[in-house]
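**Student:** kindly generate the corresponding structure for this input.
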Amino acid sequence: MMHTDWILKKFEVLTPFELYAILQLRNEVFVVEQNCVFQDADDKDQVCYHLMGMTGNKLVAYTRLVPPGVIYPEISIGRVVTSPAVRRHGAGRELMTTSIDTCYRLFGQGPIRIGAQLYLKRFYESFGFQQVSEVYLEDGIEHIYMLKQPS
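**Tutor:** Modelled structure (predicted):
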């Protein structure tokens, strides 16, 4: 895999260029590639941390790290996205490993809840997440809630 530099920022210190790159990548994958019309700007970004995986000056991987009590009682990792250009090269694995480690550093060793697309269940299970809900539809895509207990 190509070298990825990880940058973590709170919303208020993102540069306009970083924010634009985040929204551009989220739109490229969640709206265009997955053909999903949804309100991505949900008023939660402002209270979250933003983990950016940069290759050179290009954003190739991203997650939104959500403090406990904002969306769920638990810590959460959301808007998990990798650029189509870096898939199948370990970027997603590195992104999730870095996201989990960073959540523990920021918020302590609590459980982490995610709303995962069903087709990624095995991927998330490989990090210790377990399915804790029935399948539900979100924006026309099958999802499940998954929970990772601290080790």
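
**Student:** is it true that P111 touches M146?
**Tutor:** No - with contact defined as CB atoms under 8 Å, P111 does not count as touching M146 (10.5 Å). (C-beta placed from N, C-alpha, C; glycine too.)

**Student:** okay, these two: which has more neighbours?
**Tutor:** Legend: neighbour count by other CB atoms under 10 Å for P111 and M146, higher for M146 (21 against 15).

**Student:** all helices of this protein, in order?
**Tutor:** 16-26, 91-107, 121-125 (DSSP state H).

**Student:** tell me which of those sits most buried.
**Tutor:** helix 91-107 (a mean of 18; mean count of other CB atoms under 10 Å).

**Student:** ok now that one, how far from the chain's centre?
**Tutor:** Helix 91-107 has its C-alpha centroid displaced from the chain centroid by 9 Å (CA atoms, centre = their mean, to the nearest Å).

**Student:** what average pLDDT does it get?
**Tutor:** Mean per-residue pLDDT for helix 91-107: 96.

**Student:** got the CA coordinates for it in PDB?
**Tutor:** Written as PDB, here are the backbone C-alpha positions of helix 91-107 (Å, rounded to 0.1, in the frame of the first residue of the first chain):
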ATOM      1  CA  ALA A  91      -6.400   1.300   3.200                       C
ATOM      2  CA  GLY A  92      -9.700   0.300   4.800                       C
ATOM      3  CA  ARG A  93      -8.000  -1.900   7.300                       C
ATOM      4  CA  GLU A  94      -5.500   0.800   8.200                       C
ATOM      5  CA  LEU A  95      -8.300   3.300   8.500                       C
ATOM      6  CA  MET A  96     -10.300   1.200  10.900                       C
ATOM      7  CA  THR A  97      -7.300   0.200  13.000                       C
ATOM      8  CA  THR A  98      -6.300   3.900  13.300                       C
ATOM      9  CA  SER A  99      -9.900   4.900  14.000                       C
ATOM     10  CA  ILE A 100     -10.300   2.400  16.800                       C
ATOM     11  CA  ASP A 101      -7.000   3.300  18.400                       C
ATOM     12  CA  THR A 102      -7.700   7.000  18.100                       C
ATOM     13  CA  CYS A 103     -11.200   6.600  19.700                       C
ATOM     14  CA  TYR A 104      -9.700   4.900  22.700                       C
ATOM     15  CA  ARG A 105      -7.100   7.600  23.000                       C
ATOM     16  CA  LEU A 106      -9.700  10.400  22.800                       C
ATOM     17  CA  PHE A 107     -12.600   8.900  24.700                       C
END
